[in-house]
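1. A structural model of the following input is requested.
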Amino acid sequence: MKIYKNLKKNLKKSVIAIGNFDGVHLGHQKVLKEARLKAKKNNLNFGVVSFEPVPVMFFNKNIKNHRINNYDQKVEYLKKISPNFLRIIEFNKKFSNYEPKKFIQKIIYNNLNAKFVFVSKNFRFGKGRKGDIYTLKKFEKYFNYKTIISSPLKKEKKILSSTIIRKKISLGKVKEVSNLLGRPWCIKGLVIKGEQRGRKIGFPTCNINLKEYVIPRLGVYSVKIKIGKKLKKGIANIGYRPTFSGKSILLEVNIFGINSNLYKRMIIVNFIKFIRKEKKFKNINELRSQIGKDIKKAKK
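-> Numbers count the residues shown, from 1 in each chain. Here you go, the predicted model:
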């Protein structure tokens, strides 16, 4: 898969799927696979078009924790669908002011030479989000492409969406989220140096900053941690650490069977099950006792 960020040349005739694809959930995968099949049947290139940063975060600077996956993960998950190329469009002030027709002409027609354009029913684009599926259909003959609206995937009688997944993450329903993603929901990040309280009470942790990830329900989870090619079990606490009067949210991970220093290592924390909500303990001994119980539950 080739990744184009500043594409100036025109590509060969293609079938494209356009969207934010935050989460690359089962609904996204359905659209992408349909587009891939169309490309194969018509002997065309298959490409994915997405935007960075996520438009809603660009327009509203107050939205800090929104993403289901980070950029690297999105690229990794899209790569598994086997497109010929991924076109990442930088969502900036200049691009946000494109009129819908200019978006179609510059990106879909000139840039990507698209013959089939796959989008969801609620796809919006262009300045003021004025463009929609009817705008795409309006210019089909003029720019020589065909719009295909993929039927949405339904789960529990509801259309699967990234919004639903974010809500479930915020409620700690990570097992349900895994079923909607087709894989465990995970956070990928560098291990940062903390205050080493976990080590002092007998449970050393790897600390990770959440950055732009959606914040899950605060509390303790059973997790699986990928370190390089190794996959280890563990528990994770996400929250403010009220026993120690913490002021910021942090993800702390205790990895079973590992006591080595992992500072500055990139790890992936897969959330398996919610164990309990965050709690303020009277003292360190009470906290230590509860962590022991949490570990027993996680190991089960």
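
2. who's in contact with the spatially closest residue to Lys64 that is not a sequence neighbour?
-> Spatial nearest neighbour of Lys64, chain neighbours left out: Glu212 (6.7 Å); criterion: CB to CB, 6 or more residues apart in numbering. Yep, even glycine has a C-beta here, placed from its N, CA and C like the rest. Contacts here follow CB atoms under 8 Å, 6 or more residues apart in numbering; on that basis Glu212 touches Met57, Lys64, Asn65, His66, Arg67, Asn70.

3. what does Val214 give?
-> Asn65, His66, Arg67, Ile68, Arg166, Ile169, Ser170.

4. below-threshold pLDDT in the protein: ranges please.
-> 8-9, 195-200, 202, 242-247 (pLDDT under 70).

5. where do the helices sit along this protein?
-> 26-41, 55-59, 71-79, 93-96, 100-103, 133-138, 140-143, 162-170, 174-181, 197-200, 284-299 (DSSP state H).

6. and the lengthiest strand in the chain, what's buried?
-> Longest strand of the chain, by residue count under DSSP state E: strand 266-277. Going by neighbour count (16 or more other CB atoms under 10 Å), the buried part of strand 266-277 is Ile267, Ile268, Val269, Asn270, Phe271, Ile272, Lys273, Phe274, Ile275.

7. possible to save those as a markdown table with distance to Ile192?
-> Formatted as a markdown table, the buried residues of strand 266-277 follow (distance: CB to CB, whole Å):
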| residue | distance to Ile192 |
| --- | --- |
| Ile267 | 11 |
| Ile268 | 15 |
| Val269 | 13 |
| Asn270 | 19 |
| Phe271 | 19 |
| Ile272 | 23 |
| Lys273 | 25 |
| Phe274 | 24 |
| Ile275 | 23 |
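
8. which of those residues sits closest to Leu251?
-> Comparing the buried residues of strand 266-277 against Leu251 with CB to CB places Val269 closest, at 6.8 Å.

9. nearest to Tyr221, of the helices of the chain?
-> helix 174-181 (6.7 Å).

10. now for the nearest residue to Phe281 once chain neighbours are set aside, how many residues are close by?
-> Excluding the flanking residues, the one nearest Phe281 by CB to CB, 6+ apart is Leu287, at 4.2 Å. If you count neighbours by other CB atoms under 10 Å, Leu287 ends up with 19.

11. go on, Gly128?
-> 10.

12. quick check: it vs Ser14, distance?
-> 28 Å (CB to CB, to the nearest Å).

13. can you list the domains in the chain?
-> Domain segmentation of the chain under automatic domain parsing yields 2-159, 183-299.

14. measure the first one end to end?
-> Using CA to CA, to the nearest Å, one end of domain 2-159 lies 31 Å from the other.

15. how far is it from where the chain is centred?
-> Relative to the mean C-alpha coordinate of its chain, domain 2-159 is positioned 15 Å out (CA atoms, centre = their mean, to the nearest Å).

16. equivalent analysis for the last one, please.
-> Shown here is domain 183-299, whose average C-alpha point lies 20 Å from the average C-alpha point of the whole chain (CA atoms, centre = their mean).
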